[in-house]
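[1] sequence and predicted model, in that order:
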Amino acid sequence: HLSGADQRYSSNIRVLCSMYLPTAAPSPMLAVDAVLHEDLERLERVIVKDYKQEAKSHKAKLMQNHRVRKRIDEMQDKARKLMRVYDDDSEESGHRKEEIAALGASNPTAVYGKFYDRLKELREYHKRFPVYDISVAEDDTALLKEEPQVEFSGEETLGRYLDLHELHHVFTNAKFGRQVDYLEYLGSLADFGSINKPVKLAKRYREYLQRLLDYLLSFYERTQPLSQVHKQMAKLKDDIEAAWEQGQVPGWEDKGLGGIGDEAEVAAQQLSVDLETFDSPEELQTLGADQLKEKLAQLGLKCGGTVQQRAERLYALKGLSLKELNPKLFQRGKVVQANRSEQETKQRQQTALSVAELEAQVRRLVELLANIISDTRGRVEKKQAQTYEELLAEMEEADAEAGPEDEEEEEEYIYNPLKLPLGWDGKPIPYWLYKLHGLNQEFKCEICGNYSYWGRRAFERHFKEWRHVNGMKALGIPNNKDFYEVTKIEDALALWKNIQERNTGGFNPELDEELEDAQGNVYSRKVYEDLERQGLL
């Protein structure tokens with residue numbers, strides 16, 4: 001049995017060996033082993049403590065996730081070192097086995113002797129260096145308050161929005177792009193179907209896709225540090241390659257070889273027969289420039305130049321098939337596959353596969369960032385309607401949020417069992433005021449989709465608001481004073497029908513014809529005849 005002091009020393013051997021042995025001596029593998037295991041447990045405890053802290057703001061949550069990501073990376077690094085130690089074929093494992101043998105484990109009678117020899121060495125060492133105190137509890141405050149350095153641009157606002165202005169500029173000035181505003185560009189970020197396939201195989205388009213993919217990956221890793229997006233991208237590439245071999249990648253069923261289709265082949269055969277009636281290109285010129293251009297475009301041949309050049313190009317097809325034509329006569333990307341060499345075909349397929357993979361990865365990231373893209377579009381629309389003063393106020397608010405959070409106060413819990421509306425001070429209004437304004441009275445409007453309005457004032461005001469205006473527009477009824485206080489769809493349609501009948505015009509004798517009695521009183525025909533029958537005139 002060991003004394004209390006011996007038990008204390010023996011329990012701390014693994015820490016002392018690794019931390020306090022002279023640096024000139026080699027570090028024992030068993031001690032390194034123990035230190036790595038303890039570091040793993042400590043990092044786990046730090047992560048648990050971090051998650052016990054409530055992160056209220058967006059910045060606090062972001063920093064917390066990055067701290068946890070950093071701890072996980074450290075744990076993975078230490079776990080890899082442990083795996084090398086436990087690997088039977090590694091050098092570290094050999095040293096470990098030698099140390100276990102040196103401890104006397106193979107000779108049970110020598111175990112205690114070896115132990116006390118090592119314990120004596122430790123006591124002598126700490127007598128010479130008595131400055132270390134391992135009894136102090138570990139302090140993780142600095143680790144829990146650490147703020148990792150994560151770079152965001154001003155437009156990104158700590159990862160709330162995307163900043164694609166530079167890529168938008170590239171897109172609008174490239175051959176594969178088109179002139180669109182930034183808002184439309186954000187909405188069609190993953191819309192690659194409108195781009196011609198020959199243009200997709202160009203180098204500039206691949207560079208644009210790579211830059212877009214790199215930015216979206218970087219943004220997703222900065223905003224979602226705990227996600228394993230690289231594994232998702234690797235799996236997606238494997239799926240694309242498997243589908244590519246079977247020709248099932250949407251939009252790339254031809255594997256990028258392009259060329260003409262069956263319809264063009266049939267048209268070429270028919271045209272070759274029709275050309276037998278022409279003896280020279282000059283006779284073909286009689287068809288006209290537009291018809292020659294249409295025929296050439298249908299066959300995938302170049303359709304530019306003068307009328308004579310177009311006629312010569314088309315006349316070259318006489319007695320031949322498209323596969324027998326000179327490849328230089330075809331438009332870019334329209335060359336028949338049989339006219340390409342095996343090396344060109346393989347290189348073209350490889351280029352098309354890389355483009356298909358890039359497009360698929362961009363689409364996946366756009367799906368993952370759908371909410372961010374939606375918020376970015378909303379922000380762009382809002383900024384377009386803001387004044388200069390409002391933009392400055394928003395920038396100041398963002399700067400204040402990016403600052404230290406020590407001054408933030410916890411929001412006071414508001415007791416509001418009656419669900420009363422909040423006043424200007426953020427507290428429920430008095431109940432007597434609630435009753436005075438009639439806020440306990442509910443008014444429903446069927447035209448607004450059975451929406452409820454609380455209080456007479458809100459009900460009267462809603463007839464000019466967007467919800468009621470849209471409801472009236474959907475019914476095809478103008479929203480004017482004639483329909484004030486009308487909330488039922490049936491009543492509104494009946495009133496509108498009555499107004500239309502009244503305004504149709506036409507002469508109604510009973511209502512529109514007027515008669516005058518002997519005294520000069522004017523009556524409508526119906527009233528006049530009624531009075532006359534009663535003998536009152």
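    On my side now, so go ahead. Numbering: from 1, shown residues only.
[2] just checking, what packs against the helix or strand encompassing residue 85?
    Element membership of residue 85, judged by DSSP states H and E, is helix 58-86. Where contact means 3 or more CB pairs under 8 Å, 6 or more residues apart in numbering; DSSP states H and E, helix 58-86 is packed against helix 29-52, helix 91-102, helix 388-402. Bear in mind the C-beta positions are built from the backbone N, C-alpha and C, glycine included.
[3] of the ones you listed, which shows the lowest average pLDDT?
    Within the helices and strands packed on helix 58-86, confidence is poorest for helix 91-102, with a mean of 66 (mean pLDDT).
[4] next up, the contacts around residue 436.
    Applying CB atoms under 8 Å, 6 or more residues apart in numbering to residue 436 gives no contacts.
[5] residue 372 and residue 351, how far apart?
    Per CB to CB, to the nearest Å, residue 372 is found 31 Å from residue 351.
[6] more neighbours, the two?
    The neighbour comparison of residue 372 against residue 351 (other CB atoms under 10 Å) goes to residue 372, with 19 against 16.
[7] run a quick neighbour tally on the residue lying closest to residue 427 once chain neighbours are set aside.
    Distances taken as CB to CB, 6 or more residues apart in numbering place residue 414 nearest to residue 427, at 6.3 Å, with adjacent residues excluded. The number of residues packed near residue 414 is 9, by other CB under 10 Å.
[8] surely residue 414 touches residue 420?
    No: between residue 414 and residue 420 there is no contact under CB atoms under 8 Å: 10.2 Å.
[9] which residues do these two both contact?
    Overlap of the contact sets of residue 414 and residue 420 (by CB under 8 Å, 6+ apart) consists of residue 428.
[10] can you give me the helices for the stretch 401-537 of the chain?
    431-436, 456-461, 466-475, 489-502, 509-512, 525-533 (DSSP state H, counting those that start in this stretch).
[11] comparing the ones you listed, which yields the minimum mean pLDDT?
    Note on the helices of the stretch 401-537 of the chain: helix 509-512 shows the lowest mean pLDDT, a mean of 69.
[12] which residue is nearest the middle of the chain?
    The residue lying closest to the centre of the chain (CA atoms, centre = their mean) is residue 369, at 1.5 Å.
[13] what's the distance between it and residue 381?
    In terms of CB to CB, residue 369 sits 18 Å off from residue 381.
[14] now for the residue nearest to the centre of the chain: which residues touch it?
    Going by CB under 8 Å, 6+ apart, residue 369 touches 162, 216, 219, 220.
[15] spatially nearest residue to the last one, not counting backbone neighbours?
    Right, residue 220. In this structure, residue 220 finds its nearest non-sequential neighbour in residue 229, 5.4 Å apart by CB to CB, 6+ apart.
[16] burial measure for the one you found, as a count.
    Neighbour count for residue 229, taken as other CB under 10 Å: 16.
[17] what's the answer for residue 496, then?
    Residue 496, neighbours per other CB under 10 Å, totals 18.
[18] can you tell me the closest non-neighbouring residue to it?
    If the residues on either side of it in the chain are set aside, residue 496 comes closest to residue 477, at 4.8 Å by CB to CB, 6+ apart.
[19] and for residue 478?
    Of all residues not flanking residue 478 in the chain, residue 472 sits nearest, at 7.1 Å (CB to CB, 6+ apart).
[20] quick one: contacts for the one you found?
    Per CB under 8 Å, 6+ apart, neighbours of residue 472: 447, 478, 479, 483, 492.
[21] can you turn the buried part of those residues into a ChimeraX selection?
    Those of those that count as buried under 16 or more other CB atoms under 10 Å are selected in ChimeraX with:
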select :447,479,483,492
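[22] farthest-separated two in the contacts of residue 472?
    447 and 478 (13.0 Å; CB to CB).
[23] quick one on the thing from earlier: now the contacts of residue 369 in TSV, with pLDDT, neighbour count and secondary structure?
    Shown next, in TSV, are the contacts of residue 369 (pLDDT from 0 to 100; neighbours: other CB atoms under 10 Å; DSSP: H, G, I helix; E, B strand; the rest coil):
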residue	pLDDT	neighbour count	secondary structure
162	92	23	coil
216	93	25	helix
219	93	20	helix
220	92	18	helix
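[24] and of the residues you listed, the nearest to residue 68?
    Nearest member of these to residue 68, counting by CB to CB, is residue 220, at 16.5 Å.
[25] distance of that closest one from residue 373?
    Separation of residue 220 from residue 373 (CB to CB) stands at 12 Å.
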